[in-house]
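Novice: What shape does this take:
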Amino acid sequence: MKSSKPQFVGKKVRLGDIVKIEKASMPSGNNVWVLNLDAVEKGTGKVIVKNRMKADSAGTSTVAFTADAVLYSKLRPNLNKVVVADEPGLATSEMLPLIVNPEVLDRRYFAYLLRSNSFVNLAVSSTAGSKMPRMNKKTLLNAVFPIPSLELQHQRIDLLSSIEKARTKAELLIQQLDTLVKSRFIEMFGDPVEENRWARITLASLCTKLGSGATPRGGKAAYKTSGIPLIRSMNVHNGYFESKDLAYIDEIQAKKLDNVTLHKGDVLLNITGASVARSCLLPDYLAGGRVNQHVSIVRCDPNRMLPRVLNSIFTSDSYQRFLLEHSRMAGATREAITKDDLETMTVPLPPLSLQYKFAAFVAQVDKSRFGGMLHLLNSLSGIMHASFFSVADTD
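Specialist: Next up, the predicted model:
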């Protein structure tokens, strides 16, 4: 990194000219921070837990880093795991210890750049290996991005950091409201699995629609930038809908999925994969959309059960355990809930008058208001990232 500040500021820069991969000297001691990939929250770089141990117990598949390093995971770059170190330590060898030229680049800004969609897409497109895809380090070093002045970098860091803090606060409020609603549900209806206050009914008898869709031919490459919404499992979270990364399809693609057209009041349930059993209500503005094969529509008869109550049953702690256990039955290699499974599952059927009282309570503490705030913050963050961190035209 022999470059000087005037040479690079405000220009398109090859990252390898202002960033280097630099391993530190091996640390010693009994309380060394050892960073593994599962300790890093994807997308944010938050370290979930700091594991500590004797340096000589960390194993050989590690790399030492200094307190001024940015650690980037080259393994499965779609998971977007980037950490700004705050002390020296050891990391899994799947992470690259990166040192920036501080005269040109603030390492916090560099971390935001590495987490941007522009860089993630570049990294994913260059991976090798189907089971354990890894990015070649040359992809990072040869990538070209516009680098603004340090003053502008600091302004952007402040903006992005403020959005992150507001987003964390909104997420915390959603969690608190979720706990409140669950407690009220148990008070009014009892445990939906363990107790028998009310007669039980199968979902086949209760629902007018149970079914999932499909991914259009061509997979992700076939999605459009606008059109008819296609809901995927990543959009469905317990108690709230995440609009980030919402996919779209055109009229021709949607026609083939007419049998899974979404209606106002539908309950969404993830039925396969790591997010199996997550459930939320469909936001009204997405009525007319479609679902893929990983998400089932659960459309109950509103004259017998309110969708909000059914969703609260699905997201209760005991029913979540029931759904997860059911998804792992019969020695399946992947978590899955089939349509036959859904049809035979039973739920309690409390009086409709009591359901309306519960719905009124939930409306008073409706966490969708904060979900809307979260959506706005996510959208704002996405717009800023797209504006700040676009891959430079190298022509």
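
Novice: my guess is K50 meets V32, correct?
Specialist: No: the pair K50 and V32 does not pass the contact test of C-beta atoms under 8 Å, sitting 10.3 Å apart. Backbone N, C-alpha and C define where each C-beta goes, glycine included.

Novice: Between those two, point out the one with more neighbours.
Specialist: Higher neighbour count among K50 and V32: V32, with 22 against 12, using other C-beta atoms under 10 Å.

Novice: ok, the nearest residue to the more buried one once chain neighbours are set aside - how many residues close by?
Specialist: Distances taken as C-beta to C-beta, 6 or more residues apart in numbering put A55 closest to V32, at 4.5 Å, once the chain neighbours are dropped. Neighbour count of A55, defined by other C-beta under 10 Å: 17.

Novice: likewise H385?
Specialist: 20.

Novice: Can you read off the pLDDT for it?
Specialist: H385 carries a pLDDT value of 74.

Novice: Low-confidence stretches in the stretch 201-350 of the chain?
Specialist: Scanning the stretch 201-350 of the chain with the threshold set as pLDDT under 70 gives 330-333.

Novice: can you give me the strands for it?
Specialist: 207-212, 228-231, 236-237, 240-241, 247-249, 267-270, 279-281, 290-291, 295-300, 346-348 (DSSP state E, counting those that start in this stretch).

Novice: now those as CSV including mean neighbour count and distance to F322?
Specialist: Formatted as CSV, the strands of the stretch 201-350 of the chain follow (neighbours: other C-beta atoms under 10 Å; distance: least, C-beta to C-beta, whole Å):
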stretch, mean neighbour count, distance to F322
strand 207-212, 17, 17
strand 228-231, 24, 23
strand 236-237, 21, 18
strand 240-241, 22, 21
strand 247-249, 20, 30
strand 267-270, 26, 13
strand 279-281, 22, 12
strand 290-291, 28, 22
strand 295-300, 24, 15
strand 346-348, 18, 10
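
Novice: who wins for proximity to S327 among those strands?
Specialist: strand 267-270 (9.6 Å; C-beta to C-beta).

Novice: Identify the residues contacting that closest one?
Specialist: Strand 267-270 has contacts (C-beta atoms under 8 Å, 6 or more residues apart in numbering) with 231, 233, 236, 241, 276-282, 291, 294-300, 307, 310-311, 314, 337, 342.

Novice: try stretch 200-211
Specialist: Contacts for stretch 200-211 (C-beta under 8 Å, 6+ apart): 259-260, 263, 266, 296-301, 304-305, 310, 339, 342-349.

Novice: thinking again about what came up before, out of the strands of the stretch 201-350 of the chain, which comes closest to A69?
Specialist: Nearest of the strands of the stretch 201-350 of the chain (C-beta to C-beta): strand 236-237, 32.8 Å.

Novice: who does that closest one touch, helix- and strand-wise?
Specialist: When contacts are defined as 3 or more C-beta pairs under 8 Å, 6 or more residues apart in numbering; DSSP states H and E, strand 236-237 packs onto strand 267-270, strand 279-281.

Novice: Give me the residue at the spatial middle of this structure.
Specialist: M234 (6.5 Å; C-alpha atoms, centre = their mean).

Novice: Next up, the contacts around it.
Specialist: M234 sits in contact with 242, 245, 275, where contact means C-beta under 8 Å, 6+ apart.

Novice: In ChimeraX, select just the buried ones from those residues.
Specialist: To isolate the buried ones among these in ChimeraX, judged by 16 or more other C-beta atoms under 10 Å, type:
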select :242,275
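
Novice: what's the burial count for N51?
Specialist: The burial count for N51: 16, using other C-beta under 10 Å.

Novice: May I have the beta-bridge partners of it?
Specialist: Beta-bridge partners for N51, by DSSP bridges, are V34.

Novice: And the pLDDT for it?
Specialist: pLDDT at N51 comes out at 93.

Novice: Do I have it right that it meets V34?
Specialist: Yes: using C-beta under 8 Å, N51 is in contact with V34, at 5.1 Å.

Novice: which parts of stretch 27-37 are buried?
Specialist: For stretch 27-37, by 16+ other C-beta under 10 Å, it's 27, 32-35, 37.

Novice: what distance separates the start and the end of it?
Specialist: 20 Å (C-alpha to C-alpha, to the nearest Å).

Novice: ditto for stretch 83-92
Specialist: First-to-last residue span, stretch 83-92, C-alpha to C-alpha: 12 Å.

Novice: And stretch 139-147, by the same measure?
Specialist: Termini of stretch 139-147 sit 17 Å apart (C-alpha to C-alpha).
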